[in-house]
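Enquirer: Predicted model follows, preceded by the sequence.
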Amino acid sequence: MKNFLLLLTAIFSFNFSNAQVAVDTTGTLGDSYNRWTIDVYAGQAKGIKPYADGYYSSDPSRSFGGFQVNSFGAAARYMLSPKFGLKMDLNYDKFTNQKGSGSLDFETYQYRVGFQGVVNAVRLFGLEDSVGRFGLLLHGGLQISRMHSDLLDKDELNGGLIVGFSPQFRISNSLSVVGDISLLNNFRQHLSWDGSYADSSENLSGQMIVMTLGLSYSFGNEKIHGDWAIIQDKKDKEIEALNGRIGEIETLMNDSDKDGVPDYLDAENNSLAGVAVDTKGRMVDKNTNGVPDELEKYIDNTITNNNNVALSKNMIEQLINEGYIAAYFDKSNSQPTPASADNIGFVLNYLRNNPTASVEISGYADEVGDSAKNEKLASTRAENVKAILIKAGINPSRLNAKGAGIDSSVDKNSDYARRLVRKAVFKITN
């Protein structure tokens, strides 16, 4: 008995103290779940002890002592957090002997009310993903009852502790099947469950067990109750946001062309390796002839001075054909950016110096927006670059403009990466 009372008291204290702590430390994101439930249920209430000689509630000839539907009740539950809550229940129990059991006839009944703490065991142990629609609630607290004995025509007010567990199965977002098995212990119970006065050896104590099955209905402004809702923790949300910001910073600090200038500051994201750039990442071209000064110097010193014209031409063609020289565009814009003038000028100079050469211009768009519009925009970008070269004196017959469509080679969620694919590239044809 002492061990039993200690167990009940410990569970009762644990439920209420932790429920209070949960209000302060829970990491749920506001009221993203419903908190209230109403339960209705019915089942069997069976007094365990005390009984007078000749009285008992079970039928020894039946499995589990026979079954009677003699307990009916309703309960309201409010969850302080997804793990802890409070519950109030109202119940009616009727105790009679089973016909043919051999017990003397008796009839007693009681009304009782319970005030309990509730623990959502599934959430407590983090098993939401594993159990799916199933759930398990643990509960314990105080109960007060009023028992009436027909035998003595006497009423008695009792009180004690209750502890139990409630398996659940969710039918819909608001309706669940709920079972329950509870053990009650009364203090200062003078009457036996058969209605007679208890023997002195068992006076002041009474125990009973209740097994019920019913329905649980949840309500509130949200779609689903906290027993079942998927709830994100504040800390997880903060970590996710922090990771996002770190990712943005990493993207900002990318240096695609390895010129020492981060992409977010780089006005020319395709500068040649080893060529000097200014603070905005643009290749230095003091004489504005469209050829970076260091490249021009290299050509003069290494090629012109050695009269190796074929090598000079092949190297420049390689730079153009492999996309090192390209025109870039702002979002939804079909005209090249001002910074692209140097690259278009590079191609212009090549065409002027190689009158038999032709060039194919391919326009691209990024993945953001309507696909059909992006396809058209890619074609328009190529045509506009062609128009610039024509106005610069290049015969239209040497220029072929086409739309190459959408370039999906970069992360479409990165603004800086998308800048690299809003472009027109060139290919020398002879």
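Expert: In hand now; what should we look at?

Enquirer: could you pull out the strands for the stretch 101-250 of the chain?
Expert: In chain order, the stretch 101-250 of the chain shows strands spanning 107-120, 134-149, 154-170, 175-187, 205-219, with DSSP state E, counting those that start in this stretch as the criterion.

Enquirer: What strands flank the second one, and is each parallel or antiparallel?
Expert: This points to strand 134-149. Pairing partners of strand 134-149, with direction, according to DSSP bridges: strand 107-120 (antiparallel), strand 154-170 (antiparallel).

Enquirer: which of those sits most buried?
Expert: When neighbours are counted by mean count of other C-beta atoms under 10 Å, the highest per-stretch mean among the strands paired with strand 134-149 falls to strand 107-120, a mean of 20. C-beta here means a position set from N, CA and C on the backbone, and glycine is covered the same way.

Enquirer: okay, the angle between that one and strand 205-219?
Expert: Note on geometry: by axes from the mean of the first three to the mean of the last three C-alpha atoms, to 10 degrees, strand 107-120 and strand 205-219 are set 60 degrees apart in direction.

Enquirer: Adjust the sequence numbering to begin at 16 for everything that follows.
Expert: Shifting the count to begin at 16 puts that one at strand 122-135.

Enquirer: Let's see stretch 190-206 as CSV, backbone CA atoms only.
Expert: Listed next in CSV are the C-alpha coordinates belonging to stretch 190-206 (Å, rounded to 0.1, in the frame of the first residue of the first chain):
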residue,chain,number,x,y,z
LEU,A,190,-11.7,13.1,-34.2
SER,A,191,-9.9,10.2,-32.4
VAL,A,192,-10.8,6.9,-30.8
VAL,A,193,-9.5,6.8,-27.2
GLY,A,194,-9.3,4.0,-24.8
ASP,A,195,-8.3,4.2,-21.1
ILE,A,196,-7.3,2.1,-18.2
SER,A,197,-7.2,3.8,-14.8
LEU,A,198,-6.5,2.7,-11.3
LEU,A,199,-8.2,4.6,-8.4
ASN,A,200,-7.3,4.6,-4.7
ASN,A,201,-9.7,6.1,-2.2
PHE,A,202,-8.8,7.3,1.3
ARG,A,203,-11.2,7.1,4.3
GLN,A,204,-13.6,4.8,2.4
HIS,A,205,-15.8,3.2,5.0
LEU,A,206,-18.2,1.3,2.7
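
Enquirer: what about it, distance to the chain center?
Expert: Distance, stretch centre to chain centre, for stretch 190-206: 38 Å (C-alpha atoms, centre = their mean, to the nearest Å).

Enquirer: and if you look at stretch 60-68?
Expert: On the basis of C-alpha atoms, centre = their mean, stretch 60-68 is displaced by 51 Å from the centre of the chain it belongs to.

Enquirer: in it, what's buried?
Expert: By 16 or more other C-beta atoms under 10 Å, the buried positions in stretch 60-68 come out as Ala60, Lys61, Gly62, Pro65, Tyr66, Ala67.

Enquirer: The last one reaches Ser216, doesn't it?
Expert: Meaning Ala67. No: between Ala67 and Ser216 there is no contact under C-beta atoms under 8 Å: 12.0 Å.

Enquirer: returning to what we had before: now, which of the buried residues of stretch 60-68 sits nearest Leu139?
Expert: Distance to Leu139 across the buried residues of stretch 60-68 (C-beta to C-beta) is lowest for Ala60, with 28.2 Å.

Enquirer: can you tell me how far that closest one sits from Leu199?
Expert: Ala60 sits 9 Å away from Leu199 when distances are taken as C-beta to C-beta, to the nearest Å.

Enquirer: Overlap of the contact sets of the two?
Expert: Taking C-beta atoms under 8 Å, 6 or more residues apart in numbering as the contact rule, the neighbours common to Ala60 and Leu199 are Met223, Ile224, Val225.

Enquirer: which among those end up buried?
Expert: When burial is judged by neighbour count using 16+ other C-beta under 10 Å, the buried members of those are Met223, Val225.
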